[in-house]
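Engineer: would you be able to build a 3D model of this:
(2 chains)
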Number of protein chains: 2
Amino acid sequence: MADDKKLTPRAKDFSAWYNEVVLKSEMADYSPVKGCMVIRPNGYGIWERMQRALDDMFKATGHQNAYFPLFIPESFLHKEKEHVEGFAHEFAVVTHGGGKKLEEPLVVRPTSETIIYSMFAKWVQSYRDLPLLINQWANVVRWEMRTRLFLRTTEFLWQEGHTAHATHDEAEAETRQMLGIYRDFMEGYIAMPVITGRKTDSEKFAGALRTYACEAMMQDNKALQAGTSHNLGQNFSKAFELKFQSEAGTEEFAWNTSWGVSTRMVGGLVMTHGDDAGLRVPPLLAPIELVIVPIYRSDEERTLVLEAADNLAKSLRAWDRREASRLRIHIDRRDGMKPGAKYYEWELRGIPLRLELGPRDIAANQGVLVRRDTKEKRSVSLESLGEDVADTLSAMQRDMLAAALERREANSVRTPISYDAFKELMAGKGGFVYAGWCGDAACEARVKEETRATIRCLPDEEFRSAVAPTTCLRCGKASTDEALWAKAY
Amino acid sequence: MADDKKLTPRAKDFSAWYNEVVLKSEMADYSPVKGCMVIRPNGYGIWERMQRALDDMFKATGHQNAYFPLFIPESFLHKEKEHVEGFAHEFAVVTHGGGKKLEEPLVVRPTSETIIYSMFAKWVQSYRDLPLLINQWANVVRWEMRTRLFLRTTEFLWQEGHTAHATHDEAEAETRQMLGIYRDFMEGYIAMPVITGRKTDSEKFAGALRTYACEAMMQDNKALQAGTSHNLGQNFSKAFELKFQSEAGTEEFAWNTSWGVSTRMVGGLVMTHGDDAGLRVPPLLAPIELVIVPIYRSDEERTLVLEAADNLAKSLRAWDRREASRLRIHIDRRDGMKPGAKYYEWELRGIPLRLELGPRDIAANQGVLVRRDTKEKRSVSLESLGEDVADTLSAMQRDMLAAALERREANSVRTPISYDAFKELMAGKGGFVYAGWCGDAACEARVKEETRATIRCLPDEEFRSAVAPTTCLRCGKASTDEALWAKAY
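Structural biologist: Now for the predicted structure:
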């Protein structure tokens, strides 16, 4: 049984390892619909916790949730030229409804700028109606030929924020604020450090003035774009007549932003923290933080141990954590299954802490606590277990971020690098390379052609190298920007 | 301004009143997509609170959330004959994806039995894998010709529970349990009393063995089917080969249930509690429970009152309510708007409590608290406001349910009624009529044709009349069942 469950080691085939972790830990499954996945409870539970945390952060910054139609009339998508060019090849199109051919085909939303700003135009009259700060949790569809569980699927779940402001600067501040919230969330909850920065024109959102992104490094040293925030300028407000009367009495077009993160983050979590035994879930996102595995050899012992486990779980749940949330505990009551098989399963699923509890432990008022991240095992007193567990979970959350950060920095190159060395690196182990760029899209395209690496972003100030690069990685001309180059998902 | 905001009275035109309340309180808006609505923050905030409460109830009874594809291959829907007959005329069909015509058209899910049980068949091998208790929060699409905000739209939001069990009796118990949870939620949270019972064959879910429903009475005396729970028998497990090895080693088909409630409940809330001044939201579902309206005549007074309001809100939020949730408070800081205009708006939106706070109130450490349901106004001490507000909100929640129950009973007929009197009643004020039924679908159809009333359900034991009816309402033959007859949404 354990054998066919064994995962391909990451070092052997990272991509095979990833699929196996996701499928065997029952986070997701393939569906009979091409390109669409099923998110199973073990995966959805993590997504739910992500949603809850982000939603609280959005609301704390004045955003409200709403819901807009799944279908968008095709003509709406054509109103912003760059936008339709960017998305048209990915449209899923409804041509028939209620048994009849539709007069105008409906596109299943690939993103909702067009339908949302058409509504904003109806709701906004005066500067008093601004800013308008809206978020939507929804499914979107982008027809994909090559899909991967969580990372790229035809349908995916996400949130899309859409806002309208009176000035360019306010919109820019909102765009940056939301990027900051994404970074705080990814580092604070997913324990996944990110580099934030601006996208080049060739990588920006179709229809945006500027796109900012969070880029994380996976364990195969490839970058994952984990969230984006767009300053849309007045492109959509002009296309949809989203106008307002200013305080001075003039008629102006509003300034828009949009920003989104998706179930792709669940894939990022797996590829940031998983090991050869399976998933490792950061405590703040774990649907179960502590699993109690009872150990017994007779029915009598079983009764004794399960009763002790019940009492323990009850007192742990009542124990008041600083963050005022209850410990999430599960007792694995399955009979006819050896403790070792249970350990194996919970490790595969990445549950942060395991408490092994047998009759002798109970007699000594102790248990064995095992951390999933370090596999450290230690005897713990049941007396002060609440505090011990809470402290250990906090430590894990910190340690997982620190470990991911250390790995990223160990695989980042900040010293001047020749293009030949860069090509060799990208053909080999890969990584993040901070190097100059001349600002020419042709150079960027050539690097992509020759190495499959792209400019992930032009990093924000704090991520730039102490000594700015002076020449372009590819052409050797003067550098206009420091760029983060990497292969990406 | 107030004039064009004035609502059509309910007594004059209930349907016009309903649309006006929904639009003017900014709960929802029409969209440019035929039959689809936009749920605005004031409406979505109520839906979010409904979701949170229901989700907690589902999880407390062992259900887990998951997510299945939006698209269903057309052939899947044809596998259960009654199912496809019930839904085919409402299909929205995707025929093109990524610029190409699809080999097999995809139907946008009208409900997910077919896709979900095809996955269950993959996951379930043995009786040890049962029961499988899954819920999904999702959007669904049913092509509708005549739509109404929240009550009937082409796309709507809902949850759909899907379970698999080893025996018929377990499935029946689950079906009944979920009906009970719906009832508890509708009465406990929406303060909307419901009659539960079984649907007749002509009204049951397409593909079900038995359908149970919650039926509520709106203020126009029409019934609203607010939630359904289906025992699907083995109809879908046979269509999708959902088999398991029993404890005895034999191969058996699983027994399924499905159950759902939708954004339609928001419409039910409006039609149960709204009055001619607008919405009245039961406290447990109100995104804002208490709005503080500052009263002032000078900048100096404004500063004073807003500072007091801030301090008050802070101490109220810190006040520990029995249910351990924070009071949801909003201070209306808008300047250049008269208090009266603010009162009008908050009444329209149905916020449960309003505190009017002026400089003289502050000097006397008091304020004026106004209940939205009764419009009762009273002076309250700011000292003990936390407890006062919490008690008043609890009282409102109870009183609103009691008032709705009283209204329903006052418009219910439980005494024997002739068919002529019934026709007259249905042509007039309508209501719920408990009367006999011979069990013949033809009689049921004739009543519908002649009066537009239908059998809403065959009520559960506790809702049946003390003296059971002996004859059929329509044909006068012996009654086999007591039926609840009413016109419905």
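
Engineer: for A:Glu301, list the residues it contacts.
Structural biologist: A:358-359 (C-beta atoms under 8 Å, 6 or more residues apart in numbering or on different chains). All C-beta spots, glycine's among them, are computed from the backbone N, C-alpha and C.

Engineer: can you tell me how far A:Trp366 is from A:Ser384?
Structural biologist: Just so we're on the same page, residue A:366 is Gln rather than Trp. 11 Å (C-beta to C-beta, to the nearest Å).

Engineer: now do the buried residues in stretch A:115-122.
Structural biologist: A:115-121 (16 or more other C-beta atoms under 10 Å in any protein chain shown).

Engineer: oops, could you answer that again for stretch A:94-107 instead?
Structural biologist: Taking 16+ other C-beta under 10 Å as the criterion, stretch A:94-107 shows A:94-98, A:102, A:105-107 as buried.

Engineer: list the contacts for the residue nearest to A:Gly99 when sequence neighbours are not counted?
Structural biologist: With sequence-adjacent residues excluded and distances taken as C-beta to C-beta, 6 or more residues apart in numbering or on different chains, A:Gly99 is closest to B:His89, at 5.7 Å. When contacts are counted by C-beta under 8 Å, 6+ apart, B:His89 touches A:98-99, B:143.

Engineer: can you check A:Met426 too?
Structural biologist: So A:Met426 contacts A:451-453, A:487 (C-beta under 8 Å, 6+ apart).

Engineer: so which of these sit within helices?
Structural biologist: Residues of those located in helices (DSSP state H): A:Thr451.

Engineer: most neighbours out of the contacts of A:Met426, which is it?
Structural biologist: A:Ala453 (25 neighbours; other C-beta atoms under 10 Å in any protein chain shown).

Engineer: can you report how many residues lie near A:Ser418?
Structural biologist: Neighbour number of A:Ser418 under other C-beta under 10 Å is 11.

Engineer: actually, A:Val108.
Structural biologist: The burial count for A:Val108: 26, using other C-beta under 10 Å.

Engineer: circling back: show me which of the buried residues of stretch A:115-122 is closest to B:Gly233.
Structural biologist: A:Ile115 (40.5 Å; C-beta to C-beta).

Engineer: once you drop chain neighbours, what's closest to that closest one?
Structural biologist: Ranked by C-beta to C-beta, 6+ apart and with sequence neighbours excluded, the top spatial neighbour of A:Ile115 is A:Ile72, at 4.9 Å.

Engineer: who does the one you found bridge with?
Structural biologist: When assigned by DSSP bridges, A:Ile72 has beta-bridge partners A:Val107.

Engineer: if we can go back for a sec, next, format the buried residues of stretch A:94-107 as TSV and append secondary structure and pLDDT.
Structural biologist: TSV is the format used below for the buried residues of stretch A:94-107 (DSSP: H, G, I helix; E, B strand; the rest coil; pLDDT from 0 to 100):
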residue	secondary structure	pLDDT
A:Val94	strand	97
A:Thr95	strand	97
A:His96	strand	96
A:Gly97	strand	96
A:Gly98	coil	94
A:Leu102	strand	96
A:Pro105	strand	96
A:Leu106	strand	97
A:Val107	strand	97
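
Engineer: which secondary structure elements does the longest helix along chain A contact?
Structural biologist: As assigned by DSSP H, the longest helix anywhere in chain A is helix A:385-410. Under the contact definition 3 or more C-beta pairs under 8 Å, 6 or more residues apart in numbering or on different chains; DSSP states H and E, helix A:385-410 sits against strand A:210-217, helix A:264-273, helix A:299-318, strand A:353-357, strand A:366-371.

Engineer: give the other helices and strands that the very next helix or strand once past the fourth one contacts.
Structural biologist: Counting by DSSP states H and E, the element after strand A:353-357 in chain order, helix or strand, is helix A:359-363. In terms of contacts (3+ C-beta pairs under 8 Å, 6+ apart), helix A:359-363 is packed against helix A:299-318.

Engineer: and the helix it packs on, average pLDDT?
Structural biologist: Confidence for helix A:299-318, expressed as mean pLDDT, is 93.

Engineer: ok, A:His165 - contacts?
Structural biologist: By C-beta under 8 Å, 6+ apart, the neighbours of A:His165 are A:130-131, A:171, A:174, A:254-257.

Engineer: dump the residues you listed to CSV, plus secondary structure.
Structural biologist: Converted to CSV, the contacts of A:His165 look like this (DSSP: H, G, I helix; E, B strand; the rest coil):
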residue, secondary structure
A:Leu130, coil
A:Pro131, coil
A:Ala171, helix
A:Glu174, helix
A:Ala254, coil
A:Trp255, strand
A:Asn256, strand
A:Thr257, strand
